[in-house]
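**Q** Could you look at this predicted model? Sequence included:
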Amino acid sequence: MAIGMPETMRAIRYYSFGGPDVLRLEEAPVPNAGIGEAIIRVHAVGVNPGDWQIRSGLAGDRFELPYTPGWDVSGIVVSIGDGVTS
């Protein structure tokens, strides 16, 4: 975990596929950056077609539940995992 990072964050998550009513705002642990990953302090997030298709179950079972949507984000990189070079 990066210095100065909180231990928890707010996250939208869902535990079953369906309509917007499956979305839950929760406190979740801040993850650690894995190999090839970066942790971003998010300032803005968008919802794109992939996000709602996954939530609706249209993407099949390729995504493990609980799931946190948000492929399109903007923010500041605060931590990187091994193998991150740019």
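**A** Cool, got the structure. Only a predicted model underlies this, so the values are computations on that prediction, with no experimental measurement involved.
**Q** okay, CA-based contacts and neighbour counts for the rest of this
**A** Will do.
**Q** so where do the helices sit in the chain?
**A** Assigned by DSSP state H, the chain shows helices spanning 49-56.
**Q** and the closest residue in space to Leu25 that isn't next to it in sequence, how many neighbours?
**A** Excluding its sequence neighbours, the residue lying closest to Leu25 (CA to CA, 6 or more residues apart in numbering) is Ile12, at 4.6 Å. Neighbourhood size, Ile12 [other CA atoms under 10 Å]: 16.
**Q** just Gly57 next, same as before
**A** Number of residues near Gly57 (other CA under 10 Å) recorded here: 15.
**Q** Show the contacting residues for the residue nearest the centre of the chain.
**A** Nearest to the geometric centre of the chain sits Thr68, at 4.5 Å (CA atoms, centre = their mean). Thr68 makes contact with 11-14, according to CA atoms under 8 Å, 6 or more residues apart in numbering.
**Q** Counting neighbours, what do you get for Asp61?
**A** By other CA under 10 Å, 10 other residues sit near Asp61.
**Q** go on, the one 10 residues further on?
**A** Under the neighbour criterion other CA under 10 Å, Trp71 is assigned a count of 12.
**Q** In this structure it contacts Asp51, no?
**A** Yes. Trp71 is within contact range of Asp51, at 7.2 Å (criterion: CA atoms under 8 Å).
**Q** Nearest residue to Tyr15 in space, please, no chain neighbours.
**A** Pro66 is the one closest to Tyr15 (CA to CA, 6+ apart), at 4.5 Å.
**Q** Quick check: the gap between the closest residue to Val84 other than its chain neighbours and Ala28.
**A** With sequence-adjacent residues excluded and distances taken as CA to CA, 6+ apart, Val84 is closest to Gly36, at 5.1 Å. Distance from Gly36 to Ala28, counting by CA to CA, to the nearest Å: 22 Å.
**Q** Contact partners for Asp51?
**A** Applying CA under 8 Å, 6+ apart, we find Asp51 in contact with 69-71.
**Q** Let me see the ranges of the strands in this protein.
**A** Secondary structure of the chain by DSSP state E: the strands cover 8-13, 24-29, 38-46, 72-80.
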